[in-house]
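J.: What follows is a predicted protein model with its sequence.
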Number of protein chains: 2
Amino acid sequence: MDASEMILVSVDDHLVEPADLFADRLPARFVEQAPKVVRNEAGADVWVFNDTVVPNIGLNAVAGRPKEEYGIEPTAFDEMRPGCFDVHERIKDMNAGGVLASMNFPSFPGFAARVFAAADDKDLALAVLQAYNDWHIDEWCGAYPGRFIPVGLPVLWDPELSAKEVRRLAAKGCHSLTFTENPAMLKYPSFHEDHWDPLWRALSDTGTVMSVHLGSSGRLAVTAPNAPVEVMITLQPMNICSAAADLLWSRLIKNFPEVRIALSEGGTGWIPYFLERLDRTYEMHHLWTGQDFGAKLPSEVFRERFLTCFISDPVGIKLRYDIGLDNIAWECDYPHSDSTWPNSAEALEEVMMGVPDEEVNKITFENACRWYSFDPFAHRKREAATVGALRAEAAGHDVSIRSLDHGRVKHPQGVSVMDVVRKATA
Amino acid sequence: MDASEMILVSVDDHLVEPADLFADRLPARFVEQAPKVVRNEAGADVWVFNDTVVPNIGLNAVAGRPKEEYGIEPTAFDEMRPGCFDVHERIKDMNAGGVLASMNFPSFPGFAARVFAAADDKDLALAVLQAYNDWHIDEWCGAYPGRFIPVGLPVLWDPELSAKEVRRLAAKGCHSLTFTENPAMLKYPSFHEDHWDPLWRALSDTGTVMSVHLGSSGRLAVTAPNAPVEVMITLQPMNICSAAADLLWSRLIKNFPEVRIALSEGGTGWIPYFLERLDRTYEMHHLWTGQDFGAKLPSEVFRERFLTCFISDPVGIKLRYDIGLDNIAWECDYPHSDSTWPNSAEALEEVMMGVPDEEVNKITFENACRWYSFDPFAHRKREAATVGALRAEAAGHDVSIRSLDHGRVKHPQGVSVMDVVRKATA
């Protein structure tokens, strides 16, 4: 399919929270303690909440910048492309990239809102979390109906409250919950305990997808502190593989047959091997372990319950029948360093050379829309939703690669994993 | 290719050390402290050395037994097929399975001999380690020339001594060293420090392959203690993926261009995705990190330096050109629970349906022989080396699945990761 004819719905992008997010959204008694943006001594803008300082890491907001300027230093708002934090600029960038719709994961709260969960005052934490969810749905996504798939933050410290929040958000049209890939790593009960049942029931009742993003266990894929940063970057999708195995064999899958899961930013090329490994594990061991999926193999269960996605993954496209044509979605990953923006459509055209149009459509938007109960065409005619049509609307919007280097950040060479951790917590 | 025409050289099998391994092999002053087999109260045979008790885990010696009898309990010699620990019986089993030659990794010392390295008396540790290596090369492999690819244990606590041992073993014809997939996990310097340079130099000088077996970091792939054991079994090959990334970006690769590495029991189906990920990591980040492989991409470097292997991996065979036809070897994994023995040839015939004969030969034996400088045909004519010829020699040897249940072991249902750890250390 020609790039300009594609329709692109991305199941994984990111927003950088604007500094005024909580303004007028909290009861008076919590205003003083609300998360705030502070410019630190080094010139970076960091979020501060409950004695936790969360920087925006440079690599997570590099859209449109030259690769030489990528880096791990905490960054400032004026060192980012405005599309990172300003929804009107974001829409212009989406149009220029030909992206019809997008799901935007949070940045400073962490993918499972563990920064909020860490607050001692749980009333404050809940107020902040609900303010965030309302801002995300009403203000960010609400500004451009049909352009964003809303995603809610969980109440990590209380499954009953989390269930209630899922039901509240579903009533507002939100059918995606971002959740940790491994609660046990965050010191909560694992996926193998009944602790989470109320939340799973709410997901099941409301048709809300559990979106587990790589990195959401709060644990980096680190082999050794002095390993080059490339080791960590190469391995990051591995945590998602762990989460996929952990979830597939969990009681969530067995006891809540309606709940579906998305493996966000997990890539697709490893899935066929993983499915083979699941089935072989079952075949070799179920007679002594007593594992039982009824008449199904684990790979069949995976295809019923898990959505996968990719940024640019030739192996995954080649193996699309082994993954499952209905289980693959596309993601843009704007504004992170892995993103193909603004040339995603061209990257997709190249990787999907020879793929029949109906399969391209499944992968670039149909699977995403079905999975997340999202209908962009309620707001925009299909003819006006293509890459070509959106780019025509964006005419004149500058997407050329350009420097945002203010001379503050030193871009180092020979970076180790330890450097990343040190900078991130500086 | 018809199963009976194949030639099978396995790059990964396992031996269970016989109880008399150290008899007459240690200086008098160390005899008292040598590792010994003790039958414990529960009826299992365990190795005892330096206050460490190492059981033989049931799952690691289940060849020929019904799957219902698989389990995690420590086992006894009379609950194992004799081919596990008796080289004459092993050869009969190899013949019956049509396996020409095999590399046998250690069991109780750990894949990188960390049980020996833990001894306070390093003279004792070195004497025990060298006794083991001599036994392995002279007695086990030596009993049937051309049937075993010898593999040496490293002196983990001293790179200079380890280098010396590598040179000593190379002079005896041993060109494989089993090493940990991550020394940092074992509290030694990581692959990114110059600490190991003397060892790497010895590997380089002697053409010895570093064979890193999954599980050799001493860390299991555990998501949560109460996860079903299937989660761990599914994920075990992931540690190897970590090791592959850790090594690929390490100074070993850059500074010792002759050293080659084998990823033992790591599977192959994930490799193409991994190579894609390596190259993308390089392309997106080398301008700010300064990574440099000369004019090469990381995937090219991988193909020059890494051997991969599989037991039964349809996805890997399908993607063999994306992996590299010269980078794939086969393994039997006898007597572990993942093994295809005694029907490996039939399993290979099925998975390699339609693969040209010259490609089958590379995968089933040529790559293994080239990689490990091993020439089985110095000892046996090629016509006598096929699956069909070897099976004819084994006529009458019983390989039917049969119970070895002595009523001692209770085979549980619903096993968690914690159960495995508890049993293994009982």
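T.: Received the coordinates, thanks.
J.: contacts, neighbours, all on C-alpha from now
T.: Will do.
J.: And for stretch A:397-404, what's in contact with it?
T.: A:64-66, A:69, A:78-80, A:92-93, A:96, A:342 (Cα atoms under 8 Å, 6 or more residues apart in numbering or on different chains).
J.: Out of those residues, the closest to chain B would be?
T.: Comparing the contacts of stretch A:397-404 against chain B with Cα to the nearest Cα places A:Glu69 closest, at 6.7 Å.
J.: so that closest one sits right up against A:His411, yeah?
T.: Yes. With contact defined as Cα atoms under 8 Å, A:Glu69 and A:His411 form a contacting pair (6.5 Å).
J.: Need the residues touching each of those two.
T.: B:Trp288.
J.: Skipping its backbone neighbours, what lies nearest the residue in the stretch 151-300 of chain A that chain B sits nearest to in space?
T.: Proximity to chain B, evaluated over the stretch 151-300 of chain A using Cα to the nearest Cα, is greatest for A:Thr289 at 4.4 Å. Leaving aside its sequence neighbours, A:Thr289 sits nearest to B:Gln413 (Cα to Cα, 6 or more residues apart in numbering or on different chains; 4.4 Å).
J.: contacting residues around the one you found?
T.: B:Gln413 touches A:288-290, counting by Cα under 8 Å, 6+ apart.
J.: tell me the pLDDT at the residue nearest to A:His411 when sequence neighbours are not counted?
T.: Once flanking residues are discounted, A:His411 sits nearest to A:Gly71: 5.9 Å by Cα to Cα, 6+ apart. According to the prediction, A:Gly71 has pLDDT 83.
J.: my read: A:Gly71 touches A:Ser416, true?
T.: No. The criterion here is Cα under 8 Å, and A:Gly71 misses it with A:Ser416 at 11.9 Å.
J.: Which ones among the contacts of stretch A:397-404 lie within helices?
T.: A:92-93, A:96 (DSSP state H).
J.: What's the PyMOL syntax to select whichever of the residues you listed are buried?
T.: Listed next is the PyMOL selection for buried residues among the ones in helices among the contacts of stretch A:397-404, using 16 or more other Cα atoms under 10 Å in any protein chain shown:
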select buried, chain A and resi 92+93+96
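J.: Quick check: A:Leu390 touching A:Ala96?
T.: Yes. Using Cα under 8 Å, A:Leu390 is in contact with A:Ala96, at 6.8 Å.
J.: follow-up on the earlier one: counting neighbours, what do you get for the residue of the stretch 151-300 of chain A closest to chain B?
T.: 21 (other Cα atoms under 10 Å in any protein chain shown).
J.: before we move on, what about A:Met1?
T.: 18.
J.: Ramachandran angles for the closest residue to it other than its chain neighbours?
T.: Spatial nearest neighbour of A:Met1, excluding adjacent residues (Cα to Cα, 6+ apart): A:Asp357 at 5.9 Å. In terms of degrees, to the nearest 10, the main-chain angles of A:Asp357 are phi -50, psi -40.
J.: pLDDT wise, what is A:Asp357 at?
T.: A:Asp357 is given a pLDDT of 98.
J.: Equivalent analysis for the one 5 residues further on, please.
T.: Taken from the predicted model, the pLDDT recorded for A:Lys362 is 98.
J.: Which residue, other than its chain neighbours, is closest to it?
T.: A:Asp326 is the one closest to A:Lys362 (Cα to Cα, 6+ apart), at 6.8 Å.
J.: Please look at the one you found and A:Thr364 and confirm they touch.
T.: No. Using Cα under 8 Å, A:Asp326 is not in contact with A:Thr364, being 11.1 Å away.
J.: With neighbour numbers in mind, choose between the two.
T.: A:Thr364 (24 against 21).
J.: Touching, the more buried one and A:Leu8? I think so.
T.: Yes. Counting by Cα under 8 Å, A:Leu8 is a contact partner of A:Thr364 at 5.2 Å.
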